[in-house]
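**Q** Build the 3D model from these lines:
(chains A, B, C and D)
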Number of protein chains: 2
Amino acid sequence: MTELELTKFIPFRLNRLAAEVSNKLAEVYTDRFGIDIVEWRILVTLAAMKSKESCSAQHIVQSTRTHKSRISRGVNRMIELDYVTRTESRHDRREAKLRLTAKGRALHRKVAPVVLEQERNIVSCLNEQELQAFTQALDKLELSMGLVEQNEV
Amino acid sequence: MTELELTKFIPFRLNRLAAEVSNKLAEVYTDRFGIDIVEWRILVTLAAMKSKESCSAQHIVQSTRTHKSRISRGVNRMIELDYVTRTESRHDRREAKLRLTAKGRALHRKVAPVVLEQERNIVSCLNEQELQAFTQALDKLELSMGLVEQNEV
DNA sequence: TCAAGAAAGTTGCAAATGCAACCATTGAAA
DNA sequence: TTTCAATGGTTGCATTTGCAACTTTCTTGA
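**A** Residues are numbered from 1 along each chain as shown, chains lettered A, B, ... in the order given. As a prediction, the model looks like this:
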């Protein structure tokens, strides 16, 4: 048997790194802006919609790979906070159309640059080639784990 | 502002990948062997001790970077399951010495190879160089995030 | 030697989470 | 048309979790 040492074990390392990176980012969107990681994902997903396009909760569930109960609760909180509106869809009354409010868009404009800055900061320990090799490995791993659609790659 | 798209955003990608990899491994140690991720970490850490060496909960906390309340509960469960024994340390009665029982060692011998096989399986989408580039990037990221001691690298 | 702070570990509690059951609506098949 | 499965979304519940407070023991320094 090849030896098993936790600090060399990729699943453990991924977990630990992901948790640490998340904590670092939460210092921005939670401590400074009062939203949690699910709400952050909702914010970013809605902000990515073309201007007049709308978006269902289901779409957020799929594109963020987050459980629908978490998204449901997150969306409701965003509505309470007046960052999101929900309007009933006309042709399918099961699904609701979600949109950022002006306040929501303003929040996104404030948070996103700071979070992106954090990301740059975190990966700044890698040079150009290293970063590219890293993201390429992520691409492949995601694909092989079935985390992305073929056409996304 | 550089554009923010969740699927290109490394913190999100790390999170998603780590979660998926964890789920994959849990199919082994949870579904087949009935222990959770914390207990798995405890098992591996204790199994890595030199034969007559003992280990405190604190050591597991540090080497796995898991909160001490989780470790405390995990250790207690492992004791209930008869995988671990706790004996009071002589020179410092605050800390307890933890050791795998024969049953615990047997469990480790059974689980570890299967989990390692899973890891190999997961990274098998990367060739030699890609894997090396990936782990080197992990090394650097861990170091820069303060997740490892200088001498561990 | 004694007081004050630190360390190991446990536990109560509140919040977060995942699952399964559920409701309402729609689509498809008979 | 009617029925039945599937889909979008919500919610109750049990479990997990992280934090802070706490106990006990040890260390340090006046």
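**Q** show me the contacts for the residue minimising distance to the centre of chain A.
**A** The centroid of chain A falls nearest to A:R41 when counting by CA atoms, centre = their mean (3.8 Å). Applying CB atoms under 8 Å, 6 or more residues apart in numbering or on different chains to A:R41 gives the contacts A:60, A:64, A:66, A:74, B:6, B:12. Just so you know, the C-beta spots here come from the backbone N, C-alpha and C atoms, and that holds for glycine as well.
**Q** will you turn those into TSV that also has pLDDT, neighbour count and distance to DNA strand C?
**A** Compiled in TSV, those are given as follows (pLDDT from 0 to 100; neighbours: other CB atoms under 10 Å in any protein chain shown; distance: CB to the nearest atom of the strand, whole Å):
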residue	pLDDT	neighbour count	distance to DNA strand C
A:I60	96	24	13
A:T64	95	23	11
A:T66	96	20	7
A:G74	97	24	8
B:L6	92	19	17
B:F12	97	24	14
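**Q** can you list the residues that contact the longest helix along chain A?
**A** Taking DSSP state H as the criterion, chain A has its longest helix at helix A:102-123. With CB under 8 Å, 6+ apart as the test, helix A:102-123 has contacts from A:21, A:24-25, A:27-29, A:32-33, A:35, A:40, A:43-44, A:46-47, A:78, A:82-84, A:100, A:131, A:134, B:1-2, B:4, B:9-11, B:141, B:144-145.
**Q** let's go with 7 Å and repeat that
**A** Identification of contacts with helix A:102-123 by CB atoms under 7 Å, 6 or more residues apart in numbering or on different chains yields A:21, A:24-25, A:28-29, A:33, A:43, A:47, A:82-84, A:100, A:131, B:1-2, B:4, B:9-11.
**Q** So the next helix or strand after that helix, near chain B or not?
**A** As assigned by DSSP states H and E, the chain's next helix or strand after helix A:102-123 is helix A:128-144. Yes. Helix A:128-144 reaches chain B (CB under 7 Å from any CB of the partner chain) through A:130, A:133-134, A:137-138, A:140-142, A:144.
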